[in-house]
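Participant: Any chance you could fold what I've pasted below:
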Amino acid sequence: MPAKKHWEKVYRTKAPDAVSWYAPHLETSLALIRKVCPEHAARLIDVGGGESTLVDDLLREGYGDITVLDLSETALQVARARLGEAAARVRWIAGDITTVALPAAAFDLWHDRAVFHFLTDEPSRRRYVRQVAHSVKPGGFVIVAAFGPQGPTHCSGLEVARYAPDALHAEFGARFRLLRSEEELHRTPFGTTQQFVYCLCRMEV
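Facilitator: Model prediction:
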């Protein structure tokens, strides 16, 4: 099944809080974003944002230049409906992050907790990294989370890649200077745990 069709089916048939990656608030992501982008004028993109509540919390904290990108238009519609009038303050993009056209040096911060571990082939990962390098401004920040070495091998019926912090950073290369890495044990809505690894990098000028 093509990836877009798969994810449209997932988001049409499951409630937002009935998927394993759901969290009421992405506390680890929020803490990292606050640390590196304290100025609320920062330009942020949430890749694979879908139905995530991160955009709600960012708006609530005063961030005013937010882009949410997801392969699934259904997921974006759910988020827009949840936000109501506030959705007009967000830029929404439905597209494949490995092929979608993004503006050059447009973002101060790139956030992804949902996509990279699904890129199990090297060509897709290379295209993804090129997108980051193209669209994040020099000196900007990149937060990417993926399943850790003890994380699941499959998610939503799809095979995923798992990474130790060094291996995750190695996918991006020396141009992305690693500032810190963190591990998170995510508690799923079903009472199980999933290991996530976060890497925070800065684009070299």
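Participant: and the next element down the chain from the longest helix along the chain?
Facilitator: Secondary structure assigned by DSSP state H gives helix 122-135 as the longest helix of the chain. Toward the C-terminal end, the helix or strand that comes next after helix 122-135 (DSSP states H and E) is strand 136-147.
Participant: Pull the distance from the lowest-mean-pLDDT helix or strand in the chain to the chain's centre.
Facilitator: Within the chain, judged by mean pLDDT, DSSP states H and E, the helix or strand with the poorest mean is helix 3-13; its value is a mean of 86. The offset between the C-alpha centroid of helix 3-13 and the centroid of the whole chain comes to 17 Å, using C-alpha atoms, centre = their mean, to the nearest Å.
Participant: After it, which helix or strand is next? Please name it.
Facilitator: If you walk from helix 3-13 toward the C-terminus, the next helix or strand you reach (DSSP H and E) is helix 27-36.
Participant: buried set for that next one?
Facilitator: Along helix 27-36, these residues count as buried under the neighbour rule (16 or more other C-beta atoms under 10 Å): 28-29, 32-33, 36. The way it works is simple: take the backbone N, C-alpha and C, and place the C-beta from them, glycine included.
Participant: repeat for stretch 90-110
Facilitator: 90, 92-94, 97-98, 102, 107-110.
Participant: circling back to that earlier point, quick one, the least confident helix or strand of the chain and helix 122-135 angle?
Facilitator: 80 degrees (axes from the mean of the first three to the mean of the last three C-alpha atoms, to 10 degrees).
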